[in-house]
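In: structure for the following, please:
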Amino acid sequence: MATATKITLRVVTASGSNASSVGEAHSWPGTAWRNSVDDCDSNGHGRVFIDCDDEDTADYVEEQLEADDRVVSYDR
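Out: Model prediction:
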């Protein structure tokens with residue numbers, strides 16, 4: 001039996017943003033956020049990881065991240 005591969009998005013948050021709040025805001029059924037850290041680099045940016053159950057969910061989350069001013073960047 002094959003296991004489904006989750007897609008993880010690494011999200012970089014803007015300085016002064018709360019990474020866990022960003023993770024919570026972009027979590028829906030089929031997703032889960034984890035490992036949020038605020039002010040983790042010299043620019044004060046944070047990180048949060050969002051795990052998505054499938055490609056369609058990851059695409060949707062990425063669309064939402066594009067519109068969020070608290071998000072500096074993200075990648076898979």
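In: what count of nearby residues applies to the closest residue in space to residue 23 that isn't next to it in sequence?
Out: Nearest residue to residue 23, sequence neighbours excluded (Cβ to Cβ, 6 or more residues apart in numbering): residue 33, at 3.0 Å. Just so you know, the C-beta spots here come from the backbone N, C-alpha and C atoms, and that holds for glycine as well. The tally of other residues near residue 33 (other Cβ atoms under 10 Å) stands at 21.
In: helix/strand/coil for residue 33?
Out: strand (DSSP: H, G, I helix; E, B strand; the rest coil).
In: and the pLDDT for residue 59?
Out: The model reports residue 59 with a pLDDT of 96.
In: now it: phi and psi?
Out: phi -60, psi -40 (degrees, to the nearest 10).
In: quick check: it vs residue 10, distance?
Out: To residue 10, residue 59 is 16 Å away according to Cβ to Cβ, to the nearest Å.
In: and the residue nearest to residue 23, what are its bridge partners?
Out: residue 50 (DSSP bridges).
In: next up, the contacts around it.
Out: 20, 23-24, 26-27, 48-51 (Cβ atoms under 8 Å, 6 or more residues apart in numbering).
In: now it: how far from residue 24?
Out: 7 Å.
In: and the strands in this structure?
Out: Counting by DSSP state E, the chain has strands at residues 7-13, 31-37, 46-52, 71-75.
In: could I get those as TSV with mean pLDDT?
Out: Output for the strands of the chain, formatted as TSV (pLDDT from 0 to 100):
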stretch	mean pLDDT
strand 7-13	97
strand 31-37	93
strand 46-52	96
strand 71-75	97
